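[1] Build me a structure from this.
(chains A and B)
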Amino acid sequence: MNEAHPVTEAGSTPAEEAPRSRAPLVWLVLPLAVLALAVAWLVAADPLRSFDNGAPPVENLTFERTVLSSGGIDVLVRAGGSEPMTIAQVLVDDAYWEFSQDPSGPLARGETAWIHLPYPWVQGEAHAVKIITSTGATFEHEIPVAVPTPVPTTGSLVNQALLGAFVGIVPVAIGLMFYPALRGIGRGGMNFLLAMTVGLLVFLMIDAGGEAFELADEAAAIFQGQAMVVLAAAASFLLLMAIGRRDGTPAGLALATFIALGIGLHNLGEGLAIGAAFASGAAGLGTFLVLGFTLHNITEGIGIAAPMLKGRPALWIFPALTLLAGGPAVLGLWIGSLAHAPQWSALALAIGAGAILQVVIEVAAYLMKSDGRGVAALSSWPVLSGAAFGVAFMYATAMLVKI
Amino acid sequence: MGEITDWFRVKLSRRGMLGAGILAAGGSAVAATGAAQQPAPAERSSGSGHDGLGSAGHGSSHGAMMTVGEVDEERNGFDTMKMLTDWETGTVSRLPGGRVLRTFEIDAVDKEIEIAPGVMFPAWTYNGRVPGPALRATEGERLKIVFRNFGSHPHSIHCHNIHSARMDGIPGAGVIAPGEEFVYEFDAVPFGCHLYHCHALPLKRHIHKGLYGLFVIDPDPALHPEHADVARSRLLGTPENAEWQELAMVMNAFDTNFDDENEVYAVNTVAHTYMKRPIPIRRDKPVRVYLVNAVEFDPINSLHLHANFFDYYDHGTTLTPTLRTVDTVMQCQAQRGILEFSFKDHEPGLYMFHAHQSEFAELGWMSFFDVQEAVA
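    You can find the predicted model right below:
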């Protein structure tokens, strides 16, 4: 501040308040001016020329979507080169194939383009698309099982909604239907149920987090998948914590709603992943697999019901919570099968993981408060066995659906 | 649960039908190909029939299996069409005893070349072209190859013929550093279809980067009285030789991403070049192909001629065929030979020739002869 004084005093009107208001402005402009100078010098004088060792520019290409239709194969690619890169030729199964690029021309960093290949692909078999850039670098994409990509017709949307309902809505509804039966339980039973909820949520969080990291690895480097997942999860956690704690620790219906929201966000990510796997032919969904998902998710409904057992919620609350927790699975399936890119699925799963962490903390807090013993309640027999049961049940039923 | 099972069943059968639809579409495309490939004789005999064979036209009639775009021959500095008949005969002078001294000048130059439309390859070249100049001499001449290395690595010229150890072009005997010059001297023996290539180390890299070329020694008819007519037909510059359509072909390939596997295969460097511009052939003149395999990484290569058979002279070192009436010949790396055939009993049209390793064919080593009544 003191050093800035001479500058401001040189101004025309040395009013009483003026030095204070102008000094920060100078300190705002000065660093920006230095930045502008540095950029200008870098561009004009090219002082880093000595680092140019003659190596070809770094090129990177990520395949984001694959669409198989009767017209052939379409792939959406995203460039990630240090300089704009040019797709020179495309091979399918190690044969040069005619292609068209839309939009044509070199691809700048982060830009996407569709490559259309009129290739007679074979139902149920594997194919490989390889792109050669002008520098001779190659980027390969495997289509493990070729099946026609679903197109958004009314019929297919209804079918996917049906699948989403079985994966998301039905199990939550079934779980909530235990509500009347659970109402009469004592303190020990209540603790068991809440701890089970924590256990299943922890499992979902680990599952969502792991899957998010996995998908993030498939995304273009420009998205910085790992950082994106961590930041999105942290942001959703903090945001929901802040909202939830506005009026004190959430309890009862509010807590149930947060649990439903967390599970809903997780189901959105799950739906995206299933939809994408389905669209790419990686997963042939059988009845057994769908049943597995249904069974796997039933405990979610019980978990949502647990904090409401002491209150007397209106009847419409139940379908509303069911839709909040299970509905996003339908949404996810639609989006995942029609417009999938790994970074969006990773983002959805990361947000879900953050939301679940918030619920885990709030349910644990609620458990301690309603029990009355505080932290000591956590080491009680019903809580430990409940948590263990929750995790074990989820793990065991997940065996039905992991491929 | 019943509905969802039904749904999967329905879904699957719908897909099956889609697949069938694709097959049907493919089938009709093949049928259309058949129709498109029998041009009216009048149209063919116009002499410029191949002008319209752009990549788009070929795409539809060959299942679109084709590189997209055109190679800039001007920027490359060599034209694959001209390369077929562009023989480097050097400069000729007489030694004191009256013997012919033929001198070739070859420079090693680093150069980026376009090996498929839009795909650039940082090549090492002889005289700025890949394959290097197709050297042609006559049996018994004294040969002198003045080699200058303007490249960034040590290089040499290792000729596949009979010569002394000092002239072998291996490390210690003719491999020279950048900026140096070396003169290889030896006799033009034996006659045949040979090759030369760089023998600096590591060998694989120096060969697949582009340092190889044809080296043909024509037989001297005077030395082969029992087959003097055959020898004369092989000797460049004779009226008998002018009756032939001679073509220089080097089968080569490029590893563009340096993973020791080739991405591009071709004859004379550019993928699909003779598909997009079929080689014009006069129906009534016999054809002689000087063929050498310079492909690195793959153990063998081959040439298969459609709808015709040829006589084959392995290494070209005999005046009678070593294989008669074959339509496919196999060559390991550095193996070479002469193919002789004729289309005089064929109707005009496009006759394919390609490697009968389908993999190589699909990666660019696929070509056409455009057989016509007269060649412009």
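[2] if I look at residue B:346, how far off is residue B:282?
    Plainly put, residue B:346 is 12 Å away from residue B:282 if you go by Cβ to Cβ, to the nearest Å. Where C-beta positions appear, they are placed from N, C-alpha and C, glycine not excepted.
[3] now the strands for chain A?
    Secondary structure of chain A (DSSP state E): strands located at A:61-69, A:72-79, A:87-92, A:95-96, A:100-102, A:112-117, A:127-133, A:138-143.
[4] What of the stretch 251-376 of chain B?
    With DSSP state E, counting those that start in this stretch as the criterion, the stretch 251-376 of chain B has strands at B:264-267, B:279-282, B:287-293, B:300-305, B:310-314, B:323-326, B:328-332, B:336-341, B:349-354, B:366-372.
[5] and stretch B:169-179, how far out from the chain's middle?
    27 Å (Cα atoms, centre = their mean, to the nearest Å).
[6] Residues touching that stretch, excluding its own?
    Stretch B:169-179 is contacted by residues B:147, B:149-159, B:165-168, B:182, B:184, B:196, B:198-201 when judged by Cβ atoms under 8 Å, 6 or more residues apart in numbering or on different chains.
[7] Narrow the residues you listed to those that are buried.
    B:147, B:149, B:151, B:153-159, B:167-168, B:182, B:184, B:196, B:198-200 (16 or more other Cβ atoms under 10 Å in any protein chain shown).
[8] hmm, back to that, deepest in the core, which of the strands of the stretch 251-376 of chain B is it.
    Comparing the strands of the stretch 251-376 of chain B by mean neighbour count (mean count of other Cβ atoms under 10 Å in any protein chain shown), strand B:264-267 ranks first with a mean of 28.
[9] So what's the gap between that one and the chain middle?
    8 Å.
[10] Export only the CA atoms of it, formatted as CSV.
    Coordinates of each C-alpha in strand B:264-267 appear next as CSV, following Å, rounded to 0.1, in the frame of the first residue of the first chain:
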residue,chain,number,x,y,z
VAL,B,264,0.7,-49.0,-46.0
TYR,B,265,1.6,-51.5,-48.8
ALA,B,266,2.1,-50.7,-52.4
VAL,B,267,3.8,-51.2,-55.6
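[11] rewinding a little: TSV for the strands of the stretch 251-376 of chain B, including mean pLDDT and distance to residue A:370?
    Below are those laid out as TSV (pLDDT from 0 to 100; distance: least, Cβ to Cβ, whole Å):
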stretch	mean pLDDT	distance to residue A:370
strand B:264-267	96	72
strand B:279-282	96	88
strand B:287-293	98	83
strand B:300-305	97	79
strand B:310-314	97	93
strand B:323-326	97	91
strand B:328-332	97	82
strand B:336-341	98	89
strand B:349-354	96	79
strand B:366-372	96	77
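[12] Would you mind giving the ones you listed as JSON lines with distance to chain A added?
    Converted to JSON lines, those look like this (distance: least, Cβ to the nearest Cβ, whole Å):
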{"stretch": "strand B:264-267", "distance to chain A": "8"}
{"stretch": "strand B:279-282", "distance to chain A": "20"}
{"stretch": "strand B:287-293", "distance to chain A": "20"}
{"stretch": "strand B:300-305", "distance to chain A": "16"}
{"stretch": "strand B:310-314", "distance to chain A": "27"}
{"stretch": "strand B:323-326", "distance to chain A": "26"}
{"stretch": "strand B:328-332", "distance to chain A": "20"}
{"stretch": "strand B:336-341", "distance to chain A": "25"}
{"stretch": "strand B:349-354", "distance to chain A": "12"}
{"stretch": "strand B:366-372", "distance to chain A": "9"}
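[13] I'd like those written out as CSV, with distance to residue A:307 added.
    Conversion of the strands of the stretch 251-376 of chain B to CSV gives the following (distance: least, Cβ to Cβ, whole Å):
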stretch, distance to residue A:307
strand B:264-267, 65
strand B:279-282, 82
strand B:287-293, 77
strand B:300-305, 73
strand B:310-314, 86
strand B:323-326, 85
strand B:328-332, 77
strand B:336-341, 84
strand B:349-354, 73
strand B:366-372, 70
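[14] circling back: can you flag which of the buried ones among the contacts of stretch B:169-179 belong to strands?
    Of these, the ones assigned to strands by DSSP E are B:147, B:149, B:158-159, B:182, B:184, B:196.
[15] Output these as JSON lines; include the columns distance to residue B:67.
    Shown next, in JSON lines, are these (distance: Cβ to Cβ, whole Å):
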{"residue": "B:147", "distance to residue B:67": "34"}
{"residue": "B:149", "distance to residue B:67": "33"}
{"residue": "B:158", "distance to residue B:67": "32"}
{"residue": "B:159", "distance to residue B:67": "33"}
{"residue": "B:182", "distance to residue B:67": "38"}
{"residue": "B:184", "distance to residue B:67": "37"}
{"residue": "B:196", "distance to residue B:67": "29"}
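[16] so which two of those are the farthest from each other?
    The most widely separated members of those are B:149 and B:159, with 16.3 Å between them, by Cβ to Cβ.
[17] Can you list the strands that the helix or strand harbouring residue B:92 pairs with?
    Here residue B:92 sits within strand B:91-94, counting by DSSP states H and E. Take DSSP bridges as the rule and strand B:91-94 pairs in its sheet with strand B:100-116 (antiparallel).
[18] what angle sits between the helix or strand that comes right after the strand it pairs with and strand A:127-133?
    Next in sequence after strand B:100-116, counting helices and strands by DSSP H and E, comes strand B:119-126. Inter-element angle recorded for strand B:119-126 and strand A:127-133: 60 degrees (by axes from the mean of the first three to the mean of the last three Cα atoms, to 10 degrees).
[19] wait, does strand B:119-126 make contact with chain A?
    Yes. Strand B:119-126 lies within reach of chain A by Cβ under 8 Å from any Cβ of the partner chain, at B:119-121.
[20] How far does the helix or strand following that strand sit from its chain's centre?
    Next along the chain after strand B:119-126, taking DSSP H and E as the criterion, comes strand B:132-138. Relative to its chain's centre, strand B:132-138 lies at 14 Å (Cα atoms, centre = their mean).
[21] for chain A, what are the nearby residues on the stretch 151-300 of chain B?
    So the stretch 151-300 of chain B meets chain A at B:254, B:256-257, B:263, B:271-272 (Cβ under 8 Å from any Cβ).
[22] rerun that using 7 Å as the cut-off
    Within reach of chain A by Cβ under 7 Å from any Cβ of the partner chain, the stretch 151-300 of chain B has these residues: B:256-257, B:263, B:271.
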